[in-house]
Structure formats: C-alpha cells, structure tokens
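Student: Sequence unavailable; structure follows:
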C-alpha cells in the first residue's frame, strides 16, 4: 500500500515556492540577462528543490532553494561559455528592437512624468549596475539585500564561507555606490 503524501507539507511547499518565484526570476534574470533562460532556470531549480528537499524542515527551505538556484545559474554560465566558444562566430538576432507595450502605456495615476522618468532611469541603471557585477558579488548582494538572508544562510546558499560572503557583499555595495553615485543626495 502506497504512503499518503503529507498535504500540509505540500500546501506549505507550494506557498513557499509561490513566495520566492518572482524574486528568484529576477535573480536569474540579472545573472543570465535573458528572460527565457531565467524562467527555465527558475523552473528547473524549483523542480530540483522539490525533488530533493521537500521533506526538509521549512526553516531550511530558503537557503536550500537559493543554493539550488545558484547552482542552476552557474550551470547556465558554463553552458553559455562553452556555446560562445564553439558558436561565437554566428550572429544572433536581438529582441531588443521590439518595443514593450507596457513601457509606452499612459500612467493611470497621472504622476509627474519627470519623476517617473527619473525613477525609471534609476531602476534601469540599478539593473545594469547589478548585472555588471561579477557573479559571486551579484549573488551575495541579491541574497543579502534583496532576499534578506543572513550571512550564514547566504554562505550556505552560495556554497562558500561566511567571510567570502562578507567580502563579496562589501565589494558589491562599493561597486554599486560608485556606479550609482549620480543618484545620491548631493
């Protein structure tokens, strides 16, 4: 006779995954700079997480999930590196020329266009600055500042020491401050 699944654990697992899905997607998108690949990475990481860690205690899920996500991101970087070495001479079509209808829609709140422009400019520059960070600094920054993981959880997620997390995080913050200093208060 087959063992019945623990329904409360399934509900909690679904809630956990729903809660991290959007943030995980942004982390992957920063890392690989491609929405389709980022979505694949998040889906693969969620499937792998459920397969391996669904029976772990709930308080361990976040660091374990981000460890799986970071592993998938590293795998994607390795695959891209190999693919670029082998197929680098072929040009790729870019979807950057397609205009985003959301960006051209009118603001229903009627906010000041100059404030919106400045906010959009800051957001765009922040995304570029985060994307330009080395991968380990990017991971440390996003896990610490965005996901709110502590140093120990971040170290576990990244598979490195706590001192390494502190160093990567510090360097990331310094680089972001330098790249975004024009938006600081004068």
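Tutor: Great, that's in hand. In this text, all values refer to a predicted model and were calculated from it rather than measured experimentally. Numbers count the residues shown, from 1 in each chain.
Student: Surely residue 77 and residue 31 touch.
Tutor: Yes: look at residue 77 against residue 31 with C-beta atoms under 8 Å: they come within range, at 7.4 Å. To be clear about C-beta, it is placed using only N, CA and C from the backbone, and glycine gets the same treatment.
Student: Compare neighbour counts for those two and give me the winner.
Tutor: residue 31 (25 against 13; other C-beta atoms under 10 Å).
Student: these two touch, right, the more buried one and residue 73?
Tutor: Yes: taking C-beta under 8 Å as the definition, residue 31 is a contact partner of residue 73 at 4.5 Å.
Student: shared neighbours of those two, anything?
Tutor: Common neighbours of residue 31 and residue 73, counting by C-beta atoms under 8 Å, 6 or more residues apart in numbering, are 41, 135, 139.
Student: For those, pick the one with the most neighbours.
Tutor: residue 139 leads the shared contacts of residue 31 and residue 73 on contacts (other C-beta under 10 Å) with 28 neighbours.
Student: tell me the SS of that residue?
Tutor: Look at residue 139: counting by DSSP: H, G, I helix; E, B strand; the rest coil, its state is helix.
Student: Report pLDDT for it.
Tutor: On pLDDT, residue 139 comes in at 91.
Student: Phi, psi for residue 15 please.
Tutor: phi -60, psi -40 (degrees, to the nearest 10).
Student: Report the helix or strand with the lowest average pLDDT across this protein.
Tutor: helix 101-104 (a mean of 62; mean pLDDT, DSSP states H and E).
Student: In terms of secondary structure, what does the helix or strand in which residue 19 is found contact?
Tutor: Assessed by DSSP states H and E, residue 19 sits inside helix 7-32. Packing partners of helix 7-32 (3 or more C-beta pairs under 8 Å, 6 or more residues apart in numbering; DSSP states H and E): helix 35-53, helix 61-87, helix 113-132, helix 135-141.
Student: Of those, which is nearest residue 173?
Tutor: helix 135-141 (6.9 Å; C-beta to C-beta).
Student: residues making contact with the closest one?
Tutor: 27, 30-31, 70, 73-74, 77, 130-131, 133, 154, 157-158, 160, 164-165, 168-169, 171-173, 175-176.
Student: Many thanks, I have nothing further to ask.
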